[in-house]
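Chemist: predicted model and sequence follow; I will ask about them next.
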Amino acid sequence: MQAHGTVMKMGLGFDLMLSNDLIDMYGKCGRTGMACAVFDRMPERNVVSWTALMCGYLQNGNAKGSLSLFSKMGLSEIKPNEFTFSINLKASGFVGIAENGMQIHNMCTKSGFEWVTW
(Lines give C-alpha, C1' and ligand atoms only; values in the text may rest on other atoms or scores of the structure.)
Protein backbone atom coordinates (compact mmCIF):
# COMPACT_ATOMS: atom_id res chain seq x y z
CA MET A 1 0.00 0.00 0.00
CA GLN A 2 2.98 2.27 0.60
CA ALA A 3 4.17 1.63 -2.94
CA HIS A 4 0.69 2.45 -4.21
CA GLY A 5 0.69 5.67 -2.21
CA THR A 6 4.07 6.63 -3.63
CA VAL A 7 2.86 5.98 -7.18
CA MET A 8 -0.11 8.26 -6.55
CA LYS A 9 2.00 11.00 -4.92
CA MET A 10 4.35 10.98 -7.90
CA GLY A 11 1.41 11.58 -10.22
CA LEU A 12 1.75 8.18 -11.88
CA GLY A 13 -1.61 6.81 -10.77
CA PHE A 14 -2.85 6.48 -14.34
CA ASP A 15 0.29 4.89 -15.80
CA LEU A 16 -0.85 1.68 -17.50
CA MET A 17 2.18 -0.44 -16.61
CA LEU A 18 2.28 0.68 -12.98
CA SER A 19 -1.46 0.12 -12.61
CA ASN A 20 -1.05 -3.40 -14.00
CA ASP A 21 1.75 -4.00 -11.51
CA LEU A 22 -0.45 -2.78 -8.66
CA ILE A 23 -3.26 -5.13 -9.71
CA ASP A 24 -0.79 -8.02 -9.79
CA MET A 25 0.73 -7.06 -6.42
CA TYR A 26 -2.63 -6.70 -4.68
CA GLY A 27 -3.81 -10.01 -6.14
CA LYS A 28 -0.71 -11.82 -4.90
CA CYS A 29 -1.21 -10.26 -1.46
CA GLY A 30 -4.80 -11.49 -1.27
CA ARG A 31 -6.26 -7.99 -1.60
CA THR A 32 -8.51 -8.54 -4.60
CA GLY A 33 -10.77 -5.69 -3.52
CA MET A 34 -7.86 -3.26 -3.86
CA ALA A 35 -6.83 -4.88 -7.16
CA CYS A 36 -10.36 -4.38 -8.44
CA ALA A 37 -10.38 -0.76 -7.24
CA VAL A 38 -7.19 -0.04 -9.21
CA PHE A 39 -8.68 -1.78 -12.26
CA ASP A 40 -11.95 0.16 -12.01
CA ARG A 41 -10.14 3.52 -11.87
CA MET A 42 -7.97 2.85 -14.93
CA PRO A 43 -8.80 5.13 -17.85
CA GLU A 44 -7.12 2.65 -20.22
CA ARG A 45 -6.77 -1.13 -19.88
CA ASN A 46 -4.95 -3.76 -21.91
CA VAL A 47 -4.97 -7.55 -21.91
CA VAL A 48 -2.46 -7.54 -19.02
CA SER A 49 -4.85 -5.47 -16.88
CA TRP A 50 -7.73 -7.87 -17.41
CA THR A 51 -5.62 -11.01 -17.06
CA ALA A 52 -3.84 -9.79 -13.90
CA LEU A 53 -7.18 -9.24 -12.15
CA MET A 54 -8.52 -12.62 -13.33
CA CYS A 55 -5.35 -14.26 -12.03
CA GLY A 56 -5.73 -12.48 -8.69
CA TYR A 57 -9.29 -13.74 -8.37
CA LEU A 58 -8.27 -17.30 -9.21
CA GLN A 59 -5.24 -17.28 -6.89
CA ASN A 60 -7.52 -16.23 -4.07
CA GLY A 61 -10.16 -18.89 -4.64
CA ASN A 62 -12.65 -16.84 -6.62
CA ALA A 63 -12.92 -18.81 -9.85
CA LYS A 64 -16.41 -17.43 -10.49
CA GLY A 65 -15.02 -13.89 -10.24
CA SER A 66 -12.42 -14.72 -12.87
CA LEU A 67 -15.01 -16.21 -15.20
CA SER A 68 -17.33 -13.25 -14.68
CA LEU A 69 -14.53 -10.82 -15.54
CA PHE A 70 -13.63 -12.94 -18.58
CA SER A 71 -17.23 -12.57 -19.73
CA LYS A 72 -17.09 -8.79 -19.24
CA MET A 73 -13.82 -8.69 -21.16
CA GLY A 74 -15.69 -10.21 -24.09
CA LEU A 75 -17.77 -7.03 -24.24
CA SER A 76 -14.66 -4.84 -24.47
CA GLU A 77 -12.38 -4.22 -27.43
CA ILE A 78 -9.54 -6.09 -25.68
CA LYS A 79 -8.93 -9.62 -26.93
CA PRO A 80 -7.74 -12.42 -24.60
CA ASN A 81 -4.29 -13.95 -24.98
CA GLU A 82 -3.02 -17.44 -24.15
CA PHE A 83 -2.58 -16.54 -20.47
CA THR A 84 -6.14 -15.20 -20.23
CA PHE A 85 -7.46 -18.42 -21.75
CA SER A 86 -5.30 -20.60 -19.49
CA ILE A 87 -6.49 -18.89 -16.30
CA ASN A 88 -10.11 -19.26 -17.28
CA LEU A 89 -9.78 -22.87 -18.36
CA LYS A 90 -8.46 -23.51 -14.83
CA ALA A 91 -11.30 -21.47 -13.35
CA SER A 92 -13.81 -23.57 -15.30
CA GLY A 93 -12.27 -26.69 -13.80
CA PHE A 94 -12.45 -25.28 -10.28
CA VAL A 95 -16.16 -24.47 -10.58
CA GLY A 96 -16.78 -27.82 -12.28
CA ILE A 97 -18.58 -26.47 -15.33
CA ALA A 98 -17.21 -28.38 -18.30
CA GLU A 99 -19.38 -26.40 -20.72
CA ASN A 100 -17.53 -23.18 -19.81
CA GLY A 101 -14.22 -24.90 -20.41
CA MET A 102 -15.39 -26.23 -23.76
CA GLN A 103 -16.55 -22.75 -24.81
CA ILE A 104 -13.20 -21.26 -23.78
CA HIS A 105 -11.34 -24.01 -25.63
CA ASN A 106 -13.42 -23.23 -28.72
CA MET A 107 -12.45 -19.55 -28.38
CA CYS A 108 -8.78 -20.61 -28.07
CA THR A 109 -9.04 -22.58 -31.29
CA LYS A 110 -10.72 -19.72 -33.16
CA SER A 111 -8.09 -17.28 -31.85
CA GLY A 112 -5.17 -19.46 -32.92
CA PHE A 113 -3.98 -20.32 -29.41
CA GLU A 114 -4.90 -24.01 -29.44
CA TRP A 115 -1.33 -25.22 -29.90
CA VAL A 116 0.56 -22.65 -27.85
CA THR A 117 3.12 -24.32 -25.58
CA TRP A 118 5.31 -22.78 -22.93
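Modeler: Received, thanks.
Chemist: what ranges in this protein fall below the confidence cut-off?
Modeler: 114-118 (pLDDT under 70).
Chemist: identify the residue nearest the geometric centre of it.
Modeler: Centre of the chain computed as the mean C-alpha position; nearest residue by CA atoms, centre = their mean is residue 51, 2.4 Å away.
Chemist: that one contacts residue 81, correct?
Modeler: Yes - under the criterion of CB atoms under 8 Å, residue 51 makes contact with residue 81 at 7.0 Å. Every residue, glycine included, has its C-beta placed from N, CA and C.
Chemist: excluding its backbone neighbours, what's nearest the residue nearest to the centre of the chain?
Modeler: Nearest-residue entry for residue 51: residue 84, 4.6 Å, with adjacent residues in sequence omitted and distances by CB to CB, 6 or more residues apart in numbering.
Chemist: can you pull the contacts of the one you found?
Modeler: For residue 84, the set of contacting residues under the criterion of CB atoms under 8 Å, 6 or more residues apart in numbering consists of 47, 50-51, 54, 70, 73.
Chemist: can you put those residues in CSV and add secondary structure?
Modeler: Conversion of those to CSV gives the following (DSSP: H, G, I helix; E, B strand; the rest coil):
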residue, secondary structure
47, helix
50, helix
51, helix
54, helix
70, helix
73, helix
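Chemist: of all those residues, which two lie farthest apart?
Modeler: Spatial extent of the contacts of residue 84 (CB to CB) is set by the pair 47 and 70 at 11.6 Å.
Chemist: please name the nearest non-neighbouring residue to residue 54.
Modeler: Of all residues apart from its sequence neighbours, residue 66 sits closest to residue 54 (CB to CB, 6+ apart), at 4.3 Å.
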